[in-house]
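Colleague: Provided below for reference: sequence and predicted model.
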Amino acid sequence: MKSAVETLNPTRVKLTVEVPFEELKPSVDAAYKKIAKQINVPGFRKGKVPTMVIDQRVGRGVVLDEAVNEALPGLYVQALQDNNITPMSQPEVDLGEFEDGADLSFTAELDVKPEISLPTYVGVEAQVDNISVGDDEVDEQMEALRERFGSLTPVERAAATDDFVTIDLSAANDGVAIEEAQATGMSYQVGRGTMLEGLDEALEGMAAADEKTFSSTLVGGEFRDQQVDVTVKVTAVKEQELPALDDDFAQEASEFDTFDELKVDVRERLVRGGRMQQASDARDAVLDKLLDLVEIPLPDGAVAEQLQARRDDIAQQLAYAGMTEADYFESEGQTEDEFAADLEKRVRDAMAAQFLLDEIADAEELGVDQNELTQHLMRRAQQSGQTPEAYIQHAVEHNHVPEMVAEVRRGKALAHVVETAVVTDASGNVVELKTLQPDGTYVDLAELEAQAAADEAAEAAAAADAEEVEPSTDAAAGVVGSDDYVTVDEDADATK
């Protein structure tokens with residue numbers, strides 16, 4: 001087999017392949033065997049029909065067509081390997097006239113990875129924002145901690161703003177109850193505005209055993225976006241009592257003896273979190289700066305495929321959430337054109353970053369060992385909410401392991417660049433970047449990550465000891481509020 005490559009543009013090539021007829025003989029023999037098992041000829045057992053009879057009954061041309069169709073994928077892959085081509089799209093194959101006994105010729109046009117001239121990637125300079133922790137942020141954290149240690153006390157009075165009520169909800173359309181919009185025993189804080197439109201106004205002044213009907217619009221289910229009648233019944237009213245912010249509270253909510261010590265610790269934790277965020281921002285800033293230093297042509301076909309895949313993923317996520325794209329655009333404060341432009345930029349930036357980091361990994365001869373791959377798979381499993389065993393099994397069965405290896409390798413390339421970068425904040429202070437995770441997903445100051453984990457554990461333990469405040473839950477399908485969150489992953493495959 002002979003093959004040649006013609007460059008059509010920086011990201012597209014034309015592959016010409018010529019195969020001597022003799023090399024097709026195994027495929028021709030396989031075609032005869034396959035057809036022999038599919039036809040019934042009197043006097044011959046199925047699968048034992050001679051080739052001459054097959055030619056008479058079916059035709060030599062049918063056999064050759066079957067042989068070519070069987071051989072073509074393997075020949076195409078072999079041509080890619082012989083010419084060291086990494087495909088970025090499905091090929092457009094043109095099969096010429098093929099005659100019995102003649103050589104087989106075909107061409108394939110496809111998108112390929114561009115050739116990149118690497119810029120100097122050692123000592124890249126970038127800038128990030130200052131770490132800023134104000135009194136308002138500290139007070140907000142203190143108030144949140146205070147609410148976690150609050151308690152609920154039943155009261156014999158009408159509900160008012162900030163009270164917690166236990167309610168039953170029932171929606172009906174033209175007097176017929178909507179099955180998926182029924183809920184009982186729900187806890188809700190009056191005035192939060194996180195459920196049905198009009199609910200807060202209805203609850204104001206209602207006491208236990210009171211019942212009221214109001215009109216509202218459902219945001220999910222069969223009757224989404226339709227005006228329906230909603231009946232709310234209050235079964236209990238509870239008043240939230242918050243502890244005083246004093247030394248006693250500090251001792252109950254933390255390991256500190258005084259409120260001032262607790263407040264200092266909260267500020268320090270916010271600063272640590274700011275440093276970790278700053279480190280993550282530094283990683284992104286370095287990569288952005290590096291991308292600005294090089295021109296990377298992108299294959300239009302591959303971009304289009306990625307863009308469509310992202311749109312399909314988003315549409316699926318929105319469907320699960322009971323939202324339309326129009327609803328999502330409105331919630332994000334974007335028009336459809338703005339969303340499309342932003343998504344395309346994300347896709348192009350991610351693809352360019354992948355190409356660039358692959359080149360750096362090649363230049364630095366970076367490899368991936370088993371431990372690095374295992375750690376990456378474990379992190380991915382945790383992010384997806386699956387067990388490591390289930391995630392790894394799925395990755396193996398669907399041949400995602402090479403993709404995971406590539407992700408780790410790109411991460412190591414990014415880590416190499418960031419470790420030599422000079423990053424300063426807006427005030428000119430150097431941001432210390434000691435290391436990246438092996439997969440490059442997070443720039444980490446090791447002691448900060450350890451401290452953050454300890455902080456989270458301490459908070460979880462403190463919350464477990466606190467008296468529980470009843471949460472607000474939405475038990476009925478379609479009873480979803482304006483402040484409910486629908487997360488759409490627009491960067492599922494992005495490098496950063």
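Modeller: Everything's here; your move. Remember, predicted model here, so these are calculated numbers, not experimental data.
Colleague: buried residues in the helix or strand where Glu140 lies?
Modeller: Following DSSP states H and E, one finds Glu140 within helix 135-148. Along helix 135-148, these residues count as buried under the neighbour rule (16 or more other C-beta atoms under 10 Å): 138, 141-142, 145, 148. Placement of C-beta: from N, CA and C, glycine included.
Colleague: against which helices or strands is that helix packed?
Modeller: Based on contacts counted as 3 or more C-beta pairs under 8 Å, 6 or more residues apart in numbering; DSSP states H and E, the elements that helix 135-148 packs against are helix 247-253, helix 259-292.
Colleague: so which residues of the stretch 51-200 of the chain form helices?
Modeller: Remark: helices assigned in the stretch 51-200 of the chain by DSSP state H, counting those that start in this stretch are 51-57, 60-82, 135-148, 199-203.
Colleague: point out the most buried one among the helices and strands packed on helix 135-148.
Modeller: helix 259-292 (a mean of 18; mean count of other C-beta atoms under 10 Å).
Colleague: give me the neighbour count for Gln56.
Modeller: Using other C-beta atoms under 10 Å, Gln56 has 11 neighbouring residues.
Colleague: now do the contacts for the residue lying closest to Glu109 once chain neighbours are set aside.
Modeller: Spatial nearest neighbour of Glu109, chain neighbours left out: Glu92 (4.6 Å); criterion: C-beta to C-beta, 6 or more residues apart in numbering. Contact analysis of Glu92 by C-beta atoms under 8 Å, 6 or more residues apart in numbering lists 108-110.
Colleague: from Val347, how far out is Glu92?
Modeller: 22 Å (C-beta to C-beta, to the nearest Å).
Colleague: beta partners for the residue nearest to Lys289 when sequence neighbours are not counted?
Modeller: Among residues not flanking Lys289 along the chain, Ala126 sits closest, at 4.6 Å (C-beta to C-beta, 6+ apart). Residues in a beta bridge with Ala126, per DSSP bridges, are Val423.
Colleague: so Ala126 touches Leu291, yeah?
Modeller: No - using C-beta atoms under 8 Å, Ala126 is not in contact with Leu291; the gap is 11.3 Å.
Colleague: joint contacts of those two?
Modeller: By C-beta under 8 Å, 6+ apart, no residue touches both Ala126 and Leu291.
Colleague: for this structure, just list every one of the strands.
Modeller: 2-9, 12-19, 92-95, 104-111, 125-128, 151-154, 164-173, 176-189, 211-217, 227-241, 422-425, 435-436, 443-444 (DSSP state E).
Colleague: what's the most buried one of those?
Modeller: strand 443-444 (a mean of 23).
Colleague: how much space between Asp327 and Met195?
Modeller: 17 Å.
Colleague: Asn173: which of the helices of the stretch 51-200 of the chain is closest?
Modeller: Within the helices of the stretch 51-200 of the chain, the stretch nearest Asn173 is helix 199-203; the backing value is 17.5 Å (C-beta to C-beta).
Colleague: run through who's touching that closest one.
Modeller: 159, 161, 165, 167, 188, 190-193, 212, 214, 216, 230, 232, 234.
Colleague: which pair in those residues spans the largest distance?
Modeller: Maximum pairwise distance in the contacts of helix 199-203, criterion C-beta to C-beta, is 19.7 Å, between Thr161 and Val230.
Colleague: so, low pLDDT: which residues of the stretch 301-450 of the chain?
Modeller: 434-450 (pLDDT under 70).
Colleague: how about a cut-off of 90?
Modeller: Counting by pLDDT under 90, the stretch 301-450 of the chain has low-confidence residues at 301-302, 305, 315-334, 383-386, 388, 395, 398-399, 419-420, 429-450.
Colleague: all helices for it, in order.
Modeller: 325-332, 336-363, 370-384, 388-397, 401-420, 446-465.
Colleague: want to throw these into a markdown table with mean neighbour count and distance to Pro299?
Modeller: Converted to a markdown table, the helices of the stretch 301-450 of the chain look like this (neighbours: other C-beta atoms under 10 Å; distance: least, C-beta to C-beta, whole Å):
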| stretch | mean neighbour count | distance to Pro299 |
| --- | --- | --- |
| helix 325-332 | 14 | 27 |
| helix 336-363 | 17 | 8 |
| helix 370-384 | 15 | 26 |
| helix 388-397 | 14 | 26 |
| helix 401-420 | 19 | 17 |
| helix 446-465 | 12 | 38 |
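Colleague: how is this structure divided into domains?
Modeller: 2-111, 125-131+248-465, 151-241 (automatic domain parsing).
Colleague: mean confidence for the shortest one?
Modeller: Okay, so that is domain 151-241. Mean per-residue pLDDT for domain 151-241: 91.
Colleague: okay, how far is it across that domain, tip to tip?
Modeller: Chord length of domain 151-241, first to last residue, is 5 Å (C-alpha to C-alpha, to the nearest Å).
Colleague: in this structure Lys412 contacts Ala361, no?
Modeller: Yes - between Lys412 and Ala361 a contact is recorded at 6.7 Å, counting by C-beta under 8 Å.
Colleague: neighbouring contacts of stretch 49-62?
Modeller: Contacts for stretch 49-62 (C-beta under 8 Å, 6+ apart): 32, 35-36, 39, 41, 44, 63, 100.
Colleague: chain center to that stretch: distance?
Modeller: How far stretch 49-62 lies from its chain's middle: 53 Å, per C-alpha atoms, centre = their mean, to the nearest Å.
Colleague: would you put the C-alpha positions of that stretch in PDB?
Modeller: Presented in PDB, the C-alpha positions along stretch 49-62 are these (Å, rounded to 0.1, in the frame of the first residue of the first chain):
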ATOM      1  CA  VAL A  49     -21.200 -22.500  -1.300                       C
ATOM      2  CA  PRO A  50     -18.300 -22.400  -3.800                       C
ATOM      3  CA  THR A  51     -17.000 -19.100  -5.000                       C
ATOM      4  CA  MET A  52     -17.900 -19.800  -8.600                       C
ATOM      5  CA  VAL A  53     -21.500 -20.400  -7.600                       C
ATOM      6  CA  ILE A  54     -21.600 -17.200  -5.600                       C
ATOM      7  CA  ASP A  55     -20.300 -15.300  -8.600                       C
ATOM      8  CA  GLN A  56     -23.100 -16.800 -10.700                       C
ATOM      9  CA  ARG A  57     -25.900 -16.300  -8.100                       C
ATOM     10  CA  VAL A  58     -24.800 -13.000  -6.500                       C
ATOM     11  CA  GLY A  59     -22.300 -11.500  -8.800                       C
ATOM     12  CA  ARG A  60     -18.600 -10.900  -8.500                       C
ATOM     13  CA  GLY A  61     -19.300  -7.100  -8.200                       C
ATOM     14  CA  VAL A  62     -21.200  -7.600  -5.000                       C
END
